[in-house]
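# Next come a sequence and a model predicted from it.
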Amino acid sequence: MFENISDLRISTRQIEESLFFPGPRKVTEVAGLLEYCQVILEQCQKIDDPDFGIQQSHNNERLWWRGHWNYAVVDGKWLCLRKSDSEPPRLDSLRLDIPVNYREQLMSKDLAKGGLVLITGGPGSGKTTTASATVVSRLEAYGGVCFAVEDPPEKPLNGWHGESGYCTQSRVVNGTKNPNAWNEALSDALRSQPTATSTMLFVGEIRDNACAQMAMKAANEGFLVITTSFANDIQSGIQAFIDRLGNTPEALASLAAQLRLVVYQKIVPELDILQVKTLLIRDGLPAMIRRGQLHGIENEVNSQQHQLLNASFSAARFQRAA
């Protein structure tokens, strides 16, 4: 029933007037669609946030919707639903490929020891997709548990991944109204940490100082924290996170100790490709971060990129020779 449906617009005043797209067409034109709209409307009315994500099953088909309440329509409140991917993303099957070397960095077994992975980029650069795919792929490969905190949840992450990986996905309640909402949601996740289990925390986006500080606290307590942030390059991404932490000696020391990997990515629309740069925090970089001196970061980024390219070229040449 949903194969050719991208959107639903459900009227809370006269549900028979609800629409589906591409169209617009009335939901009464498709057998069973009106009844489905009644069911999902009842579920969504329990969610008081204006923007949210909801996972719902229908006849053994798992559906994932991005929801928005539109209060401004003259004929009453409407529920707007956009169908999203029903399967969780994985690093090896994204629409826009992540280069193999970068994928290997995100999947490094060393990250299981905990720390902070920061995925940065501009609006619409696929940060959340990469971060979500990293969570799913690592759970499938290494097992453990991930607590995902988002406003709103964007990808279907909740549930089992592989034989021994599980994700608990939660939304930030009243994130637009309650200034402490992110802090409360992350505090709940930290209190839920199980013992003797590999644990991740996925923070949908670093929105404010309290959010950054809670993410840093989680990394200090042994979580592998994967999060996203807006930035124009890797250096500005690290600086923005430092500013969120408060730029104190204690904050710089904590970040220097826990930061493991920074990713910057952007989509090139005319080529339909994903451009990625990464920075492994190694050698003298922790000392540089501890001092708050980031002017040499970009040189290190370029150096690591050259090393990766040379390694790829050598591997390809070896395969051809073999």
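Done, it's in.

# now the strands: where do they sit in the stretch 201-322 of the chain?
With DSSP state E, counting those that start in this stretch as the criterion, the stretch 201-322 of the chain has strands at 224-230, 259-268, 273-280.

# Touching the second one from outside, list them.
Translated: strand 259-268. By C-beta atoms under 8 Å, 6 or more residues apart in numbering, the residues outside strand 259-268 that reach it are 96, 102, 105-106, 108, 110-111, 115-122, 124-127, 130, 231, 233-234, 237-238, 273-281, 286, 289. Where you see a C-beta, it was placed from the backbone N, CA and C, and this is true even at glycine.

# Narrow the residues you listed to those in helices?
Per DSSP state H, helices hold the following members of the contacts of strand 259-268: Tyr102, Gln105, Leu106, Lys127, Thr130, Ile234, Gly237, Ile238, Pro286, Ile289.

# is it possible to export the residues you listed to JSON lines including distance to Ala31?
Below are the ones in helices among the contacts of strand 259-268 laid out as JSON lines (distance: C-beta to C-beta, whole Å):
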{"residue": "Tyr102", "distance to Ala31": "47"}
{"residue": "Gln105", "distance to Ala31": "49"}
{"residue": "Leu106", "distance to Ala31": "44"}
{"residue": "Lys127", "distance to Ala31": "40"}
{"residue": "Thr130", "distance to Ala31": "39"}
{"residue": "Ile234", "distance to Ala31": "53"}
{"residue": "Gly237", "distance to Ala31": "50"}
{"residue": "Ile238", "distance to Ala31": "55"}
{"residue": "Pro286", "distance to Ala31": "62"}
{"residue": "Ile289", "distance to Ala31": "60"}
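
# Would you reformat those as JSON lines and include distance to His68 and pLDDT?
Formatted as JSON lines, the ones in helices among the contacts of strand 259-268 follow (distance: C-beta to C-beta, whole Å; pLDDT from 0 to 100):
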{"residue": "Tyr102", "distance to His68": "33", "pLDDT": "93"}
{"residue": "Gln105", "distance to His68": "35", "pLDDT": "96"}
{"residue": "Leu106", "distance to His68": "31", "pLDDT": "97"}
{"residue": "Lys127", "distance to His68": "21", "pLDDT": "95"}
{"residue": "Thr130", "distance to His68": "24", "pLDDT": "96"}
{"residue": "Ile234", "distance to His68": "33", "pLDDT": "96"}
{"residue": "Gly237", "distance to His68": "29", "pLDDT": "96"}
{"residue": "Ile238", "distance to His68": "33", "pLDDT": "96"}
{"residue": "Pro286", "distance to His68": "42", "pLDDT": "96"}
{"residue": "Ile289", "distance to His68": "39", "pLDDT": "96"}
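
# nearest to Leu19, of these?
Lys127 (31.6 Å; C-beta to C-beta).

# Please name the nearest non-neighbouring residue to the most centrally placed residue in the chain.
Note on the chain: the residue nearest the mean C-alpha position is Thr128, at 3.3 Å, using C-alpha atoms, centre = their mean. Counting by C-beta to C-beta, 6 or more residues apart in numbering, Thr128 lies nearest to Glu154, which is 5.2 Å off, once chain neighbours are set aside.

# OK, contacts around Arg62?
Taking C-beta under 8 Å, 6+ apart, one finds Gln55, Gln56, Ser86, Glu87, Pro156 in contact with Arg62.
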